[in-house]
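> this is a predicted model, with the sequence first.
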Amino acid sequence: MSERLAHRAAIADLVHTYAKHVRDGNGGACADLFTADAVFEVREAIVGSEAAARTRSKLTGRDAIGAYVGRTTVPAARVCPLIYNLLIDVNGREATSTCVMTSIVWSTGQQLVGEYQDKYRDENGWRFSSRVFTIMGELPPRPASPRQT
């Protein structure tokens, strides 16, 4: 495997490891996936609108990001993020990617659709140096369907 493909595979593993930690309710473990000076921003945009995305939150630093993600992955609100269309561009010891994420909150059935725009640095292994998540839509919870016995 070429070095470029190996870097792309390592970055894809990083993205999916982040999602697995969230799915497992272990968001605090995500801190180790970021550089010390990383930035994590959550935005909200209306699909099809010319208006700029509105920033919901912006955190700087591995510890602040780990604490934030840890608070959002409590068992009562267990989230299952699903990653699609991951495209990675490697340029030396830096890289960028974009992907679509849908998530389901198990307890309520609420669904969210958004896009990640990520930057990475290779610091003895690939780490997120920036994650910008733009929420493109939220679907209301589905009513529970009766179980057939």
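Right, received. Where do you want to start? What you see is a predicted model; the values in this text were computed from it and never measured.

> for the top helix by length along the chain, give the mean pLDDT please.
Across the chain, the longest stretch assigned as helix under DSSP state H is helix 3-23. For helix 3-23, mean pLDDT rounds to 95.

> got the buried residues for that helix?
For helix 3-23, burial by neighbour count (16 or more other C-beta atoms under 10 Å) applies to 7-8, 10-12, 14-15, 18-19, 21-23. All C-beta spots, glycine's among them, are computed from the backbone N, C-alpha and C.

> same check, this time on stretch 22-32
In stretch 22-32, counting by 16+ other C-beta under 10 Å, buried: 22-23, 25, 27, 29-31.

> quick revisit: can you tell me what sits against the longest helix of the chain?
Helix 3-23 has contacts (C-beta atoms under 8 Å, 6 or more residues apart in numbering) with 1, 27, 29-30, 33, 69, 72-73, 78-83, 86, 88, 90, 95, 97, 99, 101, 116, 118, 120, 122, 125-128.

> chain center to the least confident helix or strand in the chain by mean pLDDT: distance?
Ranked by mean pLDDT, DSSP states H and E, the weakest helix or strand in the chain is helix 62-71, scoring a mean of 87. The chain centroid and the centroid of helix 62-71 are separated by 13 Å under C-alpha atoms, centre = their mean, to the nearest Å.

> next structured bit after that helix?
Per DSSP states H and E, the first helix or strand lying C-terminal to helix 62-71 is strand 79-91.

> ends of stretch 26-41, how far apart?
End-to-end distance for stretch 26-41, by C-alpha to C-alpha, to the nearest Å: 20 Å.

> before we move on, back to that, take the buried residues of stretch 22-32 and write them to TSV, including secondary structure and distance to residue 39.
Output for the buried residues of stretch 22-32, formatted as TSV (DSSP: H, G, I helix; E, B strand; the rest coil; distance: C-beta to C-beta, whole Å):
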residue	secondary structure	distance to residue 39
22	helix	18
23	helix	23
25	coil	24
27	helix	17
29	helix	19
30	helix	14
31	helix	14
